[in-house]
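Student: Give me a 3D structure for the following:
(chains A, B and C)
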Amino acid sequence: MSTYFVKRLTYMAIILLAASFLIFSLYALTPGDFITGNIKLTPERKAELREIYGLSKPLIERYLTWMTNAIHGDFGYSLAQQKPVLTLFNQYIWNSFLLAAVSTFFTWLIAVVIGVIAAYKQYSWFDTLVMVLIFAAMSIPSFFIGLFLIKVLAVDLKWLPPGGMITTGSNAQGLAYVKEVMHHMTLPVIVMTLLGVGSLTRYFRSNMIDVIKQDYIRTARAKGLTERKVLFTHALRNALLPAITLVGFELPALFGGSLIIEKIFNWPGIGQLYMQSFGLRDYPLLMGFTMFIAVLTVIGTLMSDILYHLADPRVKL
Amino acid sequence: MKDLLSIDHLQTFFKTEAGTVRAVDDVSLRIKPGETVCIVGESGSGKSITAMSVMGLIGNAGGKVEGGSIQFQDRDLLKLSRNELRTIRGHEIAMIFQEPMSSLNPVLKIGEQVIEPLMEHLKLSRKAARKRAIELIKQVGISRAEQIIDAYPHELSGGMLQRVMIAMAISCGPKLLIADEPTTALDVTIQAQILDLLRSLKEESGMSILLITHDLGVVAEMADYVAVMYAGKIVEQGEVEAIFANPKHPYTKGLLRSKPIMNQLRDELYSIPGQVPNPLELTESCYFHDRCEQCMAICRTKQPELIPVGDSQQAACWLYEEEKRYA
Amino acid sequence: MTIASSETAQGIKVNKNQSHVRSSLWRQSFRRLVRNKLAVTGFAVVVIMFLACFIGPFFSPYTDNKINMALMNHAPYAKHWLGTDTLGRDVLTRVLQAGRISLTVGLASMVLSVFIGTLLGIIAGYYRGVVDQLIMRLADLLLTIPSLPLLFIIGALLSEWKVPPDYRMYIVMLMLSIVSWPGLARMIRGQMLSLREREFMQATIVLGLSDRRKLFRHLLPNLVPLIIVIATLNIGGAILSESVLSFFGLGVMPPTPTWGNMIDAANNMIDFQERPWLWLPPGFSIFATVIAINIFGDGLRDVLDPKQKR
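Tutor: Got it, this is the predicted structure:
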């Protein structure tokens, strides 16, 4: 078990190191930088700033400096906002997390319930309907459904605000603030849930269909257990088990924000921050963000493995 | 003595893309209290389907009982509601299966699975059920019952798991135990142990056993009464001694000839020529005719009925129908 | 002691007629596919979409895309079924022309990524060892880096290098393949590894067959159903990705229309709120095409690769 972990962790470190170099090089390749693009600066001042930010040094040297600092937990300063990158992350991430956590919750809830019922009634009209809806959900272009729902629910019907996290100029405090945020997040949460629920429902449905065919389900029925017990004690546990690996894969989505959704709904999350910074070529922030997602992806994969081993009594490390 | 279970003219069909499979077609069988009845046949002969029909689980397997009746004590099982049937399953009629490895839920502890029927049917409290479960596990010959009860299925061997399955099956004191190839997946030495266990449990409780097997050795060891199935029909049935001593149907004769006998040297092991007919292409005939060494013209066009042959035996074969006519 | 005489006899019969069995297997699959009404409907919608986009514009009087200031932003009416856009062009004609590009990009980038993914997956899974390590580590690396930022960077590079709009389409195909091959390669490799462990592959080793024969006669034919299914579903994915890229202004650029950039072009306050005919038709076109492809692909999966149900 311990050698397995040492191996896994070493591999993780190597992959992240390679990823960091790739990310750094790619951004170094990206045309333009924060200083060149700023018309307010004189050429002398620009040269001076380049020297300060180390932009005139060779790529490898810049990479090593960045990486050394990053390993020490210092991702540098955002050039545009003159704040440490990590401080900015901390400021924006929780907004993204709020959206992601709530929609993930609803996605899983709906997917498990609908998936189980559809599997149990395989080939019924309900199952067919669910299948069509699953395909529909899986086939919607994310930005289009966002725009479409804003048009219908916010612009035409005026039920919900079209974007942002709070009403512009609002000073709401306490409970009123919570209510306002909830009101604003309804639309993006609906869209995110819709986008995720299709494939997950399908996943649970097919897992459940496989499980229902197993011999031990026949045994459970032969024991004269109620269908409820057969489904929820015997089948569901086995169907949920492989899904535990998905929890880890959700990690980047939970904390990494969504570029598309946050752009469309003007949600002040980390994805939105990235989009703004990309226009400004605020490299420390861009690299920090990309690296952050890479780290989350790698940790998520490891988490999935560990969770799977913990959950399934048959698998031993 | 009154029959415990009487199956009459049972028909169980499967509707497939290619057509209707008459998996069990007009099968009648009786089981008396305390009796062990064996159904023998090749895979696909309909013996397991018969058992699943009795359990009322055929719907979950994709088939449907299309006709006949299954009388258990005073009730027709086919006329009961799903819920009434459920209260009989695992309580008055219990079942064990071929693959003990896959028949237990891998994510639930052994104890959890054994106490379920006790709580469901006997309404025991969780604590009482657990106590009873330990007794049951001991009763089926597992010594470390207190540890085993907290183990997961993958931690036990196939033989142990089959014992657990048996413990689960007898937990509510069933009147009938259906055992579907209970030893097929086990090692030969374990097979004998499991059969011994079944026999001694039967003697203790007086329950009946419906044993399904393709293994004539098992039949010889366990059965009081035998039914031989071929292509969804019973071709011969009778007291076990009679069948073994004096098989009537050519198929039964073939089966017995293909059984190797200890200490007896033979040049070549006999095997019945040909193969089981495609269940979708059956036409009015004796289904065994193209493999039968004594096939006559009538066998190809008309189905023989099960008729008494000898004192304690019935066979469905034109050979005897003719005999009877001339007698 | 047991009754098993018939099984062996059947086994021999099957082996003798292997080629016959294979062709009738395909025929059988086809017959089962045709019986799946949902899948057939999906296929019909895809065909109609393709025909409409590739042939439809020939029947339109507005294909020259002439700018007509007199007819700017007209709501749908008899002469322009889906209205006109900001430059007075017929929206229906543009949606169909955009469909050509979007479908071509989807199809081409599918072919490219399936080709790369399958090839690398097969090489990795078959030869294993160092080659496998190299390919799979590269795939791991690419899967670690989030794809949208990666696409942003490439998109920015393209703009910097002043790639002409006509060529951008091809580069977009390449971009989409770069981000989608690792997942495919991983799947194919996994399938290869599990096939290797199957009895019939063990048998080819025992029989001492050559590498070529093992690969081309025994392994690849077993991968084909999986590849067909992946390829079908991948077209839908590629169309969606292209639309996202175009929406972010990173994909194919106007004046070459695609469904994605048509929606993007209408993404301003007034067009968005007052002129839904500009962006609803391309959006629904994407939706209809992708859902049809997905349903058809799933039907294919059911008949070709029933085990791989995820």
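Student: Can you tell me the number of residues neighbouring C:Leu240?
Tutor: Applying other C-beta atoms under 10 Å in any protein chain shown, we find 24 residues neighbouring C:Leu240. From N, CA and C alone the C-beta is placed, and that goes for glycine too.
Student: mind checking which helix or strand of the chain has the lowest mean pLDDT?
Tutor: In the absence of a named chain, this looks at chain A. The weakest-scoring helix or strand in chain A, judged by mean pLDDT, DSSP states H and E, is helix A:43-53 (a mean of 72).
Student: Chain neighbours aside, what residue packs nearest to residue 137?
Tutor: Here I'm looking at chain A. In this structure, A:Ala137 finds its nearest non-sequential neighbour in A:Gly198, 3.0 Å apart by C-beta to C-beta, 6 or more residues apart in numbering or on different chains.
Student: Oops, wrong one, chain B.
Tutor: Leaving aside its chain neighbours, B:Ile137 sits nearest to B:Ala145 (4.0 Å; criterion: C-beta to C-beta, 6+ apart).
Student: can you count the residues close to residue 228?
Tutor: This is for chain A. Counted with other C-beta under 10 Å, the neighbours of A:Arg228 add up to 8.
Student: Chain C, not that one
Tutor: C:Ile228 is flanked by 16 other residues according to other C-beta under 10 Å.
Student: so who does it touch?
Tutor: C:300, C:304 (C-beta atoms under 8 Å, 6 or more residues apart in numbering or on different chains).
Student: Could you report the distance from it to chain A?
Tutor: Separation of C:Ile228 from chain A (C-beta to the nearest C-beta, to the nearest Å) stands at 18 Å.
Student: if I look at that residue, how far off is B:Glu17?
Tutor: 22 Å (C-beta to C-beta, to the nearest Å).
Student: Outline the domain layout of chain B.
Tutor: With domains defined by automatic domain parsing, chain B comprises B:5-92+B:172-326, B:103-171.
Student: Lowest average pLDDT across these?
Tutor: Lowest mean pLDDT of the domains of chain B: domain B:5-92+B:172-326, a mean of 88.
Student: For that domain, what is the distance to the chain centroid?
Tutor: Relative to its chain's centre, domain B:5-92+B:172-326 lies at 7 Å (C-alpha atoms, centre = their mean, to the nearest Å).
Student: now check it, is it near chain C?
Tutor: Yes - Domain B:5-92+B:172-326 lies within reach of chain C by C-beta under 8 Å from any C-beta of the partner chain, at B:17, B:41-42, B:214-217, B:255, B:258-260, B:271-272, B:274-276.
Student: Show me the contact partners of the one helix or strand C:Arg213 maps to.
Tutor: Element membership of C:Arg213 [criterion: DSSP states H and E] is helix C:211-213. The list of residues contacting helix C:211-213 from outside it, by C-beta under 8 Å, 6+ apart, reads C:Thr204.
Student: just how off-centre is it within its chain?
Tutor: Centroid displacement of helix C:211-213 relative to its chain, using C-alpha atoms, centre = their mean, is 30 Å.
Student: where's the helix or strand where A:Phe278 lies relative to the chain centroid, distance-wise?
Tutor: Assigned by DSSP H and E, A:Phe278 falls within helix A:270-280. Averaging C-alpha positions (C-alpha atoms, centre = their mean) puts helix A:270-280 16 Å from its chain's average.
Student: when you scan that helix, is anything in it near chain C?
Tutor: Yes - contact of helix A:270-280 with chain C (C-beta under 8 Å from any C-beta) involves A:274, A:278.
Student: hang on, the earlier thing: mean confidence for the helix holding C:Arg213?
Tutor: Average pLDDT, helix C:211-213: 74.
Student: And the next helix or strand past it?
Tutor: helix C:220-247.
Student: what sits up against the helix or strand following that next one?
Tutor: Helices and strands here follow DSSP H and E; after helix C:220-247, the next one along the chain is helix C:259-265. Counting contacts by C-beta under 8 Å, 6+ apart, the residues outside helix C:259-265 that touch it are A:141, A:143-144, A:147, C:85-86, C:94-95, C:98-99, C:102, C:239, C:242-249, C:251-254, C:271, C:278-279, C:282-283, C:285-286.
Student: Of these, which count as buried by neighbour count?
Tutor: The neighbour-count test (16 or more other C-beta atoms under 10 Å in any protein chain shown) marks A:141, A:143-144, A:147, C:85, C:94-95, C:98-99, C:102, C:239, C:242-248, C:251-253, C:271, C:278-279, C:282-283, C:285-286 as buried among the contacts of helix C:259-265.
Student: and B:Thr183, helix, strand or coil?
Tutor: Under the three-state scheme (DSSP: H, G, I helix; E, B strand; the rest coil), B:Thr183 adopts coil.
Student: swap in B:Gln71?
Tutor: Classification of B:Gln71 by three-state DSSP places it in strand.
Student: Could you report the neighbour count for the closest residue to it other than its chain neighbours?
Tutor: Once flanking residues are discounted, B:Gln71 sits nearest to B:Ser6: 4.6 Å by C-beta to C-beta, 6+ apart. Residues near B:Ser6, counting by other C-beta under 10 Å, number 17.
Student: who's in contact with B:Ser6?
Tutor: For B:Ser6, the contacting residues are B:28-31, B:70-71, by C-beta under 8 Å, 6+ apart.
Student: What residues does chain A have near chain B?
Tutor: Going by C-beta under 8 Å from any C-beta, the residues of chain A near chain B are A:214-216, A:218-226, A:229, A:233-234, A:237-238, A:241, A:312-314.
Student: Out of these, name the ones that lie in helices.
Tutor: A:215-216, A:218-222, A:229, A:237-238 (DSSP state H).
Student: Put together CSV for these, with pLDDT and neighbour count on each row.
Tutor: What follows is those, written out as CSV (pLDDT from 0 to 100; neighbours: other C-beta atoms under 10 Å in any protein chain shown):
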residue, pLDDT, neighbour count
A:Asp215, 91, 16
A:Tyr216, 94, 24
A:Arg218, 93, 21
A:Thr219, 94, 26
A:Ala220, 94, 27
A:Arg221, 94, 22
A:Ala222, 94, 26
A:Lys229, 90, 17
A:Arg237, 86, 15
A:Asn238, 88, 21
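Student: so which two of these are the farthest from each other?
Tutor: With C-beta to C-beta as the measure, no two of those lie farther apart than A:Ala222 and A:Arg237, at 18.6 Å.
Student: Please work out which residues outside stretch C:134-150 touch it.
Tutor: Contacts of stretch C:134-150 (C-beta under 8 Å, 6+ apart): A:15-16, A:18-19, A:22-23, A:26, A:252, A:256, A:259, A:274, A:286, A:289-290, A:293-294, A:297-298, C:120, C:123-124, C:178-179, C:181-183, C:185-186, C:189, C:244.
Student: Any buried residues in it, and which?
Tutor: Applying 16+ other C-beta under 10 Å to stretch C:134-150 flags C:135-136, C:138-150 as buried.
Student: Quick check, pLDDT for A:Val230.
Tutor: 92.
Student: how much space between the residue lying closest to it once chain neighbours are set aside and chain C?
Tutor: Among residues not flanking A:Val230 along the chain, A:Ala220 sits closest, at 4.7 Å (C-beta to C-beta, 6+ apart). Separation of A:Ala220 from chain C (C-beta to the nearest C-beta) stands at 23 Å.
Student: Could you pull up the residues touching A:Ala220?
Tutor: A:Ala220 is in contact with A:229-230, A:233-234, B:105, B:116, counting by C-beta under 8 Å, 6+ apart.
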